[in-house]
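K.L.:
Sharing a model prediction with you, sequence too.
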Amino acid sequence: MKLGILGLNLQKEGLTGFEFAAGIPGSLGGAVRMNAGAYGGEFSNIVEKVTCITKQGTIKEYSNEELEYSYRHSRFVDTGEIILNATLKLEKGNKEEIKSKMDELMIARRTKQPLELPSAGSTFKRGKDFYASKIIEEAGLKGYTIGGAQVSEKHSGFVVNIGNATAKDVLDLTNYMKKVVYEKFEKQLELEVEIVGE
């Protein structure tokens, strides 16, 4: 289920604790797998248990403590187990207050993030001692373009499609960004998005 749709359904039910996630692009399974987060919240704080299927076809259930959550990581990143469903721990709240918080966060997203252009969301993880977007901007890469892929002029933590970008354009650009940042600051950028396929 898409996080935006789930967020609206939870708001209608008067359940709070999910507001931070309502504007994150993607699905519940993906968010649980990568411990998605924004605005001070992350899935490790609200996931109670997860049911998955192993590569051998066995159904397993894990509690929150067994999920090995850390920054943008869970056990599923390492094991390849496929998430079937997740139980979230939320609290009863005021529907209007929940809606107000969700609206506030969406305004913040629209103001700071390049939502008007296609992207895969935040491209790089936060470093141990640096913010990816800040160091990318300091490296002079904001607006840098390869083919149809561009380091967003609005938020340098995003690679956006400014017109017919290919996967190669995006990969070439992210590799170039890693190279420049390392050459200038000796800091390693690590992708937050995952590359699949060949």
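P.N.:
That came in fine, so what should we check first?

K.L.:
Identify all contacting residues around the lowest-mean-pLDDT helix or strand in the chain.
P.N.:
Sorting the helices and strands of the chain by mean pLDDT, DSSP states H and E puts strand 119-122 at the bottom, at a mean of 90. Here strand 119-122 makes contact (CB atoms under 8 Å, 6 or more residues apart in numbering) with Ile24, Pro25, Gly26, Ala132, Ser152, Gly157, Phe158, Val159, Val160, Asn161, Glu192, Val193. Just so you know, the C-beta spots here come from the backbone N, C-alpha and C atoms, and that holds for glycine as well.

K.L.:
May I have the predicted confidence score for the spatially most central residue of the chain?
P.N.:
The residue lying closest to the centre of the chain (CA atoms, centre = their mean) is Ala36, at 4.9 Å. Predicted confidence (pLDDT) for Ala36: 95.

K.L.:
Ala21 against Lys2, yeah?
P.N.:
No. In this structure, Ala21 is not within contact of Lys2 by CB atoms under 8 Å, at 10.9 Å.

K.L.:
the more surrounded of the two?
P.N.:
Ala21 (26 against 13; other CB atoms under 10 Å).

K.L.:
gap between the more buried one and Ser44?
P.N.:
To Ser44, Ala21 is 12 Å away according to CB to CB, to the nearest Å.

K.L.:
Could you do Lys134 as well?
P.N.:
In terms of CB to CB, Lys134 sits 24 Å off from Ser44.

K.L.:
which ones are touching Tyr69?
P.N.:
Contacts of Tyr69 by CB under 8 Å, 6+ apart are Asn35, Phe43, Ser44, Val47.

K.L.:
if we can go back for a sec, show me which of Lys134 and Ser44 is the more surrounded one.
P.N.:
Neighbour count, other CB under 10 Å: between Lys134 and Ser44, Ser44 has more, with 18 against 13.

K.L.:
can you confirm that one is in a helix?
P.N.:
Yes. Assigned with DSSP: H, G, I helix; E, B strand; the rest coil, Ser44 falls within a helix.

K.L.:
That one and Glu68 touch, don't they?
P.N.:
No. With contact defined as CB under 8 Å, Ser44 and Glu68 do not form a contacting pair (9.7 Å).

K.L.:
partners of the least confident helix or strand of the chain in the sheet?
P.N.:
When sheet partners are counted by DSSP bridges, strand 119-122 sits next to strand 158-161 (antiparallel).
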